[in-house]
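Need the 3D shape of this:
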Amino acid sequence: MRPYRRYAPLRTIEKQSEPPMGSAKNTPPYEKITEALLHWYGVNRRDLPWRRRRDPYAIWVAEVMLQQTRVETVIPYYERFLARFPTLQDLAAAPMEEVLKAWEGLGYYARARHLHRAARMLMQEHGGSFPQTLPEWRRLPGVGAYIAAAVLSIAFGQDLPAIDGNGVRVLARLFAVAEDPRRPEGRRRLQALAERLLPRGQAGDFNQALMDLGATLCTPKAPRCLTCPLQAFCAAFHQGDPEAFPIRAPRRPLPHYDVTAGVIQDGDRVLIAQRPPEGMLGGLWEFPGGKVEPGESMEECLKRELREELGIEVEVLEPMMTIRHAYTHMRITLHVFRCRWVGGTLRPAGCADARWVRIEELDRYPFPNTDRQIVERLKEEKNGE
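Numbering: from 1, shown residues only. Next comes the predicted model:
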């Protein structure tokens, strides 16, 4: 039995003299829930840099960065990004590679590419102004229902619910939602509940209050129910197992792949390749290589990939390092080898570009986290000469 059953609801919030919310005999007190949430937010709202301004550009950038990324991770990237690209015009005018470099390390690089393309669309099609309707926002690359509603409610005061992952968790527990929120029926149920709770004229505060409550109290594990302003109304709390919500279908194990990368040096220069502009890690630079096929050795894989991608023949000399990394949809082990170019003419075919770059110049290029570790090793070796 979980400890939540041992505690009575906090009397300082509201004494319960009726069945828990969600039972057949009790209609959820929507207005009281919203009032309690907004009162809590007024006292406990987090001081975040994007909340210190009403600029839709700054709010939009923050919401894009916050997708699948923790606030603590986002803040330094956000501040550097806004310092480099302080306005929509600055972002639209910048080369894509410069935007990716500013994003380097934050992950999910499609967000940066979409943000850049959307900025250019706004300049070309809207004269640098921001849309005022959901359909217009949804036309922009990388803008889904949540980001569109978040910007319109927070920056423009429109009465729209915006439910992020934290909000999903709060609502699912508050109403003991039996549907999986990743499925259409679950999403529709949560959307309807959010619309019913939404206070007219205060949608921005309401949406941010849901985010903050989920981030600080109604956490995925060990939620702090005893200090939650909505405890008295929470069906999951009264059922004794808040962590059972949101309902989730069992996840499939992530697949694992062995991947190779070749470090080919010519004096103090090293060969790097640029990934195609679209797709996973699009536009980033890397040390060329690829996925090991069934029945293929690491060395055979690396020779094949460099032949197919760059048109060159190499001799695989020795292992350099091994890097393990997890993406949202897979895990990889990257096997890095030192190689020597022995033949062929450099002709980028499976990549967008390839260049010989001095080791001290590698920091100018945006790399994925895995390849950034190779860069750091090369710099250490050079500095240790």
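
just how off-centre is the strand or helix carrying E98 within its chain?
Following DSSP states H and E, the helix or strand that holds E98 is helix 96-103. Mean-position distance between helix 96-103 and its chain equals 16 Å (CA atoms, centre = their mean, to the nearest Å).

what comes up buried for it?
When burial is assessed from 16 or more other CB atoms under 10 Å, helix 96-103 yields the following buried residues: M96, E98, V99, L100, K101, A102, W103. For the C-beta atoms, the positions are set from N, CA and C on the backbone; glycine is no exception.

Ok, stretch 86-98 next?
Buried residues in stretch 86-98 (16+ other CB under 10 Å): L88, L91, A92, A94, M96, E98.

now do stretch 40-60
Of the residues in stretch 40-60, those buried (16+ other CB under 10 Å) are W40, Y41, L48, W50, D55, P56, Y57, A58, I59, W60.

what about it, how long is it end to end?
End-to-end span of stretch 40-60 (CA to CA, to the nearest Å): 25 Å.

Low-confidence stretches in the stretch 251-385 of the chain?
The model of the stretch 251-385 of the chain has pLDDT under 70 over residues 385.

Could you tell me which helix of this protein is the longest one?
If you go by DSSP state H, the chain has its longest helix at helix 110-126.

Can I get stretch 278-288 in CSV, CA atoms only?
Output in CSV follows, covering the C-alpha atoms of stretch 278-288 (Å, rounded to 0.1, in the frame of the first residue of the first chain):
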residue,chain,number,x,y,z
GLU,A,278,16.6,17.0,-43.4
GLY,A,279,16.2,14.0,-41.2
MET,A,280,17.9,13.1,-37.9
LEU,A,281,20.6,15.5,-36.9
GLY,A,282,20.1,17.3,-40.2
GLY,A,283,22.7,19.9,-41.1
LEU,A,284,25.2,18.9,-38.3
TRP,A,285,28.8,17.9,-39.0
GLU,A,286,30.2,14.5,-37.9
PHE,A,287,33.0,12.1,-38.4
PRO,A,288,31.9,9.9,-41.3
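
chain center to that stretch: distance?
18 Å.

Going by neighbour count, list what's buried in it.
L281, G282, G283, L284, W285, E286, F287, P288.

which residues are contacting the helix holding E98?
77, 80-81, 84-85, 91, 109, 111-113, 115-116, 277, 283-284, 364-366 (CB atoms under 8 Å, 6 or more residues apart in numbering).

List buried residues within those residues.
77, 81, 85, 91, 109, 111-113, 115-116, 283-284, 365-366.

from the residues you listed, which is closest to E136?
Of all the buried ones among the contacts of helix 96-103, E136 sits closest to L115, with 16.4 Å by CB to CB.

which ones are touching that closest one?
V61, V64, L91, V99, P141, G142.

three-state assignment of the last one?
Here G142 takes the coil state, with states given by DSSP: H, G, I helix; E, B strand; the rest coil.

quick one: the closest residue to it other than its chain neighbours and D90, what's the gap?
Closest residue to G142 apart from its sequence neighbours, by CB to CB, 6 or more residues apart in numbering: H114 at 2.6 Å. Distance, H114 to D90, by CB to CB, to the nearest Å: 17 Å.

and what of G343?
From G343 to D90 the distance is 45 Å (CB to CB).

Run through the strands of the stretch 151-300 of the chain in chain order.
Along the stretch 151-300 of the chain, counting by DSSP state E, counting those that start in this stretch, strands occupy 256-266, 269-274, 285-286, 289-291.

Contacts for stretch 271-279, please.
Outside stretch 271-279, the residues that reach it (CB under 8 Å, 6+ apart) are 96, 113, 264-265, 281-288, 309-310, 341, 346, 348, 351-357, 362, 365.

rerun that using 7 Å as the cut-off
Here stretch 271-279 makes contact (CB atoms under 7 Å, 6 or more residues apart in numbering) with 264, 281-288, 309-310, 348, 351-357, 365.

so what's L88 up against?
So L88 contacts Y57, A119, L122, M123, G128 (CB under 7 Å, 6+ apart).

now swap in I247 and tell me
A178, E179, D180.

Need phi/psi at it.
Main-chain torsions, I247, degrees, to the nearest 10: phi -60, psi 130.

Relative to R224, how far out is it?
Counting by CB to CB, the gap from I247 to R224 is 21 Å.

Just to be sure, R307 is in a helix?
Yes: according to three-state DSSP, R307 belongs to a helix.

in terms of contact, does it touch E300 like I think?
No: R307 is beyond contact range of E300, at 10.7 Å (criterion: CB atoms under 7 Å).

hmm, back to that, of the contacts of stretch 271-279, which belong to helices?
Using DSSP H, those in helices are E309, L310.

ok so, going back, kindly give a single ChimeraX line that selects the buried subset of the contacts of I247.
Only the buried members of those enter the following ChimeraX selection, criterion being 16+ other CB under 10 Å:
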select :179
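
Including distance to A209, could the contacts of I247 go into TSV?
As requested, the contacts of I247 are exported to TSV (distance: CB to CB, whole Å):
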residue	distance to A209
A178	25
E179	23
D180	24
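
burial measure for the closest residue to P131 other than its chain neighbours, as a count.
Nearest non-adjacent residue to P131, counting by CB to CB, 6+ apart: W137, 5.0 Å away. Using other CB atoms under 10 Å, W137 has 21 other residues around it.
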